[in-house]
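Engineer: Okay, predicted coordinates and the sequence, questions at the end:
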Amino acid sequence: MAERAPTNMDASNAILTIPNLITVVRFLGTPLFVWLVLAREEYGWGVFVLAMMGCTDWIDGYVARKLHQTSQLGRIMDPLADRVALVAVTITLVLADILPLWLLLLLVIPDVVLLAVTLYFFRGDADLKVTMLGKTRTAALMVGTPMLLLAKALDSEFTFVLAWLILFAGMVMHVIAFSRYMVAVVSKHRKLHHPADAQGDGSHASGLGRP
């Protein structure tokens with residue numbers, strides 16, 4: 001008898017998939033980066049590790065789509081790996097006196113607030129899709145931070161200024177993405193637990209433009 005082809009349900013519950021293994025490698029890159037920068041002061045190799053981590057962020061998504069190996073675990077692990085990497089890299093660069101403390105606080109505080117609200121409303125994952133703004137924000141931060149390391153390694157003023165321009169754009173997008181996610185979390189909670197209020201607000205809003 002022919003072997004049954006995996007269904008979407010099978011794929012969504014899968015654990016040992018190629019994309020998930022690639023994401024695990026990205027997790028492992030974070031402590032390696034911390035060790036290279038803080039213990040060895042190997043800034044060039046630190047840039048290389050961050051570049052490889054950025055490549056795996058694109059590769060695991062591409063492989064998941066190409067091999068039809070999307071999974072619930074992967075959907076959780078992928079953004080988590082990004083957030084862990086961003087926070088760990090930022091803390092590392094603050095400890096290495098490359099980034100100021102205020103940038104770390106601006107990065108971490110919105111994430112902590114969003115996590116607390118999500119846990120309070122949903123006791124876990126709110127099942128919100130990652131937006132293009134969020135992905136672009138992450139990409140900007142993941143490009144800007146290694147460029148600061150590269151600027152220090154090369155002693156390049158131009159690279160330093162360019163890195164800060166990219167980081168500034170990333171932090172602006174970070175605040176905007178945080179605001180949108182907060183609105184989405186609160187809106188979803190109201191629709192699930194107070195549907196009458198949500199419909200009432202919608203009816204009221206739609207009636208504002210009537211003569």
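Structural biologist: That came through fine.
Engineer: just checking, what packs against the top helix by length along the chain?
Structural biologist: Among the segments of the chain that qualify as a helix by DSSP state H, the longest is helix 157-193. Taking 3 or more C-beta pairs under 8 Å, 6 or more residues apart in numbering; DSSP states H and E as the contact definition, the neighbouring helices and strands of helix 157-193 are helix 101-122, helix 132-154, helix 195-207. In this view, the C-beta of every residue, glycine as well, is placed from N, C-alpha and C.
Engineer: highest average neighbour count across those?
Structural biologist: Among the helices and strands packed on helix 157-193, ranked by average contacts under mean count of other C-beta atoms under 10 Å, first place goes to helix 132-154 (a mean of 20).
Engineer: can you tell me how far residue 167 sits from residue 91?
Structural biologist: 15 Å (C-beta to C-beta, to the nearest Å).
Engineer: ignore the last one, residue 165
Structural biologist: From residue 165 over to residue 91 the distance is 22 Å, taken as C-beta to C-beta.
Engineer: out of those two, which sits in the more crowded spot?
Structural biologist: Applying other C-beta atoms under 10 Å to residue 165 and residue 91 shows that residue 91 carries more neighbours, namely 17 against 13.
Engineer: Mind pulling up the pLDDT for the nearest residue to the more buried one once chain neighbours are set aside?
Structural biologist: Counting by C-beta to C-beta, 6 or more residues apart in numbering, the nearest residue to residue 91 once its immediate chain neighbours are dropped is residue 104, at 6.3 Å. Looking at residue 104, its pLDDT is 89.
Engineer: Could you pull up the residues touching residue 104?
Structural biologist: When the contact criterion is C-beta atoms under 8 Å, 6 or more residues apart in numbering, the partners of residue 104 are 90, 91, 94.
Engineer: now do residue 85
Structural biologist: Each residue near residue 85 by C-beta under 8 Å, 6+ apart is listed here: 26, 29, 30, 53, 142.
Engineer: can you pull the contacts of the last one?
Structural biologist: For residue 142, the set of contacting residues under the criterion of C-beta under 8 Å, 6+ apart consists of 50, 53, 54, 57, 82, 85, 86, 89.
Engineer: Can you get me a residue count around residue 87?
Structural biologist: Residues within reach of residue 87, counting by other C-beta under 10 Å, total 16.
Engineer: mind listing which of the contacts of residue 85 are in helices?
Structural biologist: Using DSSP H to define helices, the subset of these located there is 26, 29, 30, 53, 142.
Engineer: Switch the helices and strands packed on helix 157-193 over to JSON lines; also include distance to residue 20.
Structural biologist: As requested, the helices and strands packed on helix 157-193 are exported to JSON lines (distance: least, C-beta to C-beta, whole Å):
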{"stretch": "helix 101-122", "distance to residue 20": "22"}
{"stretch": "helix 132-154", "distance to residue 20": "19"}
{"stretch": "helix 195-207", "distance to residue 20": "36"}
